[in-house]
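I'd like to go over a predicted model; first the sequence, then the structure.
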Amino acid sequence: MAVEVRIPTILRTYTGGEKVVSAQGSSLQEVVSDLDASYPGIAERLMDESGLRRFVNVYLNDEDVRFLDGLSTAVADGDSVTILPAVAGG
Amino acid sequence: MRFDSLLDSVGHTPLVGLPALSPSPDVRLWAKLEDRNPTGSVKDRAALAMITKAEKDGLLHPGSTLLEPTSGNTGIALAMVAKQRGYKLVCVMPENTSPERAQLLRMWGAEIIYSPAAGGSNEAVRVAKEISRQHPEWVMLYQYGNEANALAHYETTGPELLADLPTITHFVAGLGTTGTLMGAGRYLREAKPDVQIVAAEPRYGELVYGLRNLDEGFVPELYDESVLTGRYSVGPRDAVRRTRELLDKEGIFAGISTGAILHAAISIAAKAEKEGQAADIAFIVCDGGWKYLSTGAYEGTLEEAEAALEGQLWA
């Protein structure tokens, strides 16, 4: 299943400057693994041993995956995954 | 309604139904009009609470100077309270904020130090912390980590919502300092364990996320993920579309962050309606649209508005 993944500026060094890339997988974990196969090293920037890194937010179709099933969240063909660094508001 | 002073009138805002935007009589949307506060935003609650707490803790004296990183509303609210109570205020504000905010800050007597646009509020926080080290005599209330911020909503916003809407099933608010969601969310959860507490966070243009590395990311110290049941990222196009819809269908002239919150609230309403669940969904109208007129959000096509907001801190 193909999903589109939006890459933040800060990680585009891995994707050769591409803002939006395509990845395969039926779960977010698989999508990240597939991303890492295409762009080696990117997974380590997103995750550590305990899961998603503290300052990384990942959204599946605009919903924060931490409130879905985290890395186990199922993804479907045509879904959109957005990766963003955590920033302040207020 | 009569109050002894302007500061005594903070809070007690109306909760109004949205008959045109609600999907059915069983799934209703309710807007809490926080723009009715003295400086026109929800931040008056936190500003008053933080200053009152600092006074109780003996941190403030006549003529004391306050320092605060803010993208606008908190600064404006603090400036008003500080002026009433006899303090000075220095705000660190990202330079990519609307000019109305700076004008209002100066009007209430605050001094502004600009932080670079790239990195948005993260940069304002970093710069303010640096200035704080150079001026240890200044008092930084620090809205992102000040418990009085969340407590203000636990003690006022939450109880007001429950009193006006005992059947509340969902509470939706913006995620900035996280104070509104943490405070009102905890209060509502204690009273109604099944209540859904949902965050809508603005998704800005790339400039705002222009950090040098991921470790520069920022999560407010007040944030406790366990209070929330859902969190949505809303881009400028949806935020502007909903801001206009709120004006068009219900007559409410709100700021752009309210559009982002309404977008999440409408999605929740649509889902409840589809599943045949009754729902009373309350959301926060953070401020009126006045401060954002110059951003271009209220005129032209959605595409034009989206382009105009690129790179701006619109929430």
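Okay, I see it.

every contact and neighbour count from this point should use C-alpha atoms.
Noted.

do you know how far residue B:285 is from residue B:246?
10 Å (C-alpha to C-alpha, to the nearest Å).

which one's more surrounded, those two?
Counted by other C-alpha atoms under 10 Å in any protein chain shown, residue B:285 and residue B:246 do not tie: residue B:285 has more neighbours, with 29 against 20.

which residues touch that one?
B:31-35, B:42, B:254-255, B:258 (C-alpha atoms under 8 Å, 6 or more residues apart in numbering or on different chains).

for residue A:39, same thing?
Here residue A:39 is in contact with A:14-15 (C-alpha under 8 Å, 6+ apart).

any stretches of chain A with poor pLDDT?
Counting by pLDDT under 70, chain A contains low-confidence residues at A:90.

of all residues in it, which one is closest to chain B?
Closest contact between chain A and chain B, by C-alpha to the nearest C-alpha, is at residue A:89 (3.8 Å).

sec struct for that residue, please.
When classified by DSSP: H, G, I helix; E, B strand; the rest coil, residue A:89 comes out as coil.

and it, how far from residue B:165?
For residue A:89, the distance to residue B:165 equals 28 Å [C-alpha to C-alpha].

settle it for me: which of those two has more neighbours?
A side-by-side neighbour count of residue A:89 and residue B:165, using other C-alpha under 10 Å, places residue A:89 first with 23 against 15.

that one: what's it in contact with?
With contact taken as C-alpha under 8 Å, 6+ apart, residue A:89 is in contact with B:71, B:121, B:175-177, B:315.

any idea how many residues pack against whatever residue of the stretch 151-300 of chain B ends up closest to chain A?
When distances are taken as C-alpha to the nearest C-alpha, the stretch 151-300 of chain B reaches nearest to chain A at residue B:176, 3.8 Å away. Per other C-alpha under 10 Å, the neighbour tally for residue B:176 reads 24.

quick check: domain ranges of chain B?
In terms of domains, chain B is parsed into B:7-34+B:157-305, B:43-140 (source: automatic domain parsing).

picking that back up, make a markdown table out of the contacts of residue A:89 and add pLDDT and secondary structure.
Below are those laid out as a markdown table (pLDDT from 0 to 100; DSSP: H, G, I helix; E, B strand; the rest coil):
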| residue | pLDDT | secondary structure |
| --- | --- | --- |
| B:71 | 85 | coil |
| B:121 | 87 | helix |
| B:175 | 93 | coil |
| B:176 | 91 | coil |
| B:177 | 94 | coil |
| B:315 | 83 | coil |
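
now the element after the biggest helix by length in chain A, going C-ward?
Across chain A, the helix with the greatest residue count (assigned by DSSP state H) is helix A:28-38. Proceeding N to C from helix A:28-38, the next assigned helix or strand is helix A:42-46, under DSSP states H and E.

return stretch B:102-116 as PDB; C-alpha atoms alone will do.
Output of stretch B:102-116 as PDB, limited to C-alpha atoms (Å, rounded to 0.1, in the frame of the first residue of the first chain):
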ATOM      1  CA  ALA B 102       2.600  44.900  18.300                       C
ATOM      2  CA  GLN B 103       0.400  48.000  18.300                       C
ATOM      3  CA  LEU B 104      -1.800  46.600  21.000                       C
ATOM      4  CA  LEU B 105       1.200  45.600  23.100                       C
ATOM      5  CA  ARG B 106       2.600  49.100  22.900                       C
ATOM      6  CA  MET B 107      -0.800  50.600  23.600                       C
ATOM      7  CA  TRP B 108      -0.900  48.900  27.000                       C
ATOM      8  CA  GLY B 109       2.600  50.000  27.700                       C
ATOM      9  CA  ALA B 110       4.700  46.900  26.900                       C
ATOM     10  CA  GLU B 111       8.200  47.000  25.300                       C
ATOM     11  CA  ILE B 112       8.800  44.500  22.500                       C
ATOM     12  CA  ILE B 113      11.900  42.600  21.600                       C
ATOM     13  CA  TYR B 114      11.600  40.700  18.400                       C
ATOM     14  CA  SER B 115      12.900  37.200  17.900                       C
ATOM     15  CA  PRO B 116      13.800  35.800  14.400                       C
END
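
any idea of the mean pLDDT for that stretch?
What stretch B:102-116 shows for mean pLDDT is 94.

so which residues make contact with it?
Taking C-alpha under 8 Å, 6+ apart as the rule, stretch B:102-116 contacts B:72, B:75-76, B:79-80, B:83, B:88-96, B:123-124, B:127.

run the last query once more with 6 Å
Defining contact as C-alpha atoms under 6 Å, 6 or more residues apart in numbering or on different chains, one finds that stretch B:102-116 is touched by B:76, B:79-80, B:89-95, B:124.

of these, closest to residue A:43?
Nearest to residue A:43 out of the contacts of stretch B:102-116 is residue B:124 (C-alpha to C-alpha; 29.4 Å).

packing partners of whichever strand or helix holds the closest one?
Per DSSP H and E: residue B:124 is located in helix B:120-134. Counting contacts by 3 or more C-alpha pairs under 6 Å, 6 or more residues apart in numbering or on different chains; DSSP states H and E, helix B:120-134 packs against strand B:65-69, strand B:88-94.

buried sites along that helix?
The neighbour-count check on helix B:120-134 (16 or more other C-alpha atoms under 10 Å in any protein chain shown) flags B:120-129, B:131-132 as buried.

looking at the residues you listed, which has the smallest pLDDT value?
residue B:120 (84).

got the contact list for it?
Taking C-alpha under 6 Å, 6+ apart, we find residue B:120 in contact with B:94, B:208.

again, 8 Å this time
By C-alpha under 8 Å, 6+ apart, the residues touching residue B:120 are A:87-88, B:94, B:96, B:207-209, B:313.

and of those, the nearest to residue B:149?
For the contacts of residue B:120, the nearest to residue B:149 is residue A:88 (15.2 Å; C-alpha to C-alpha).
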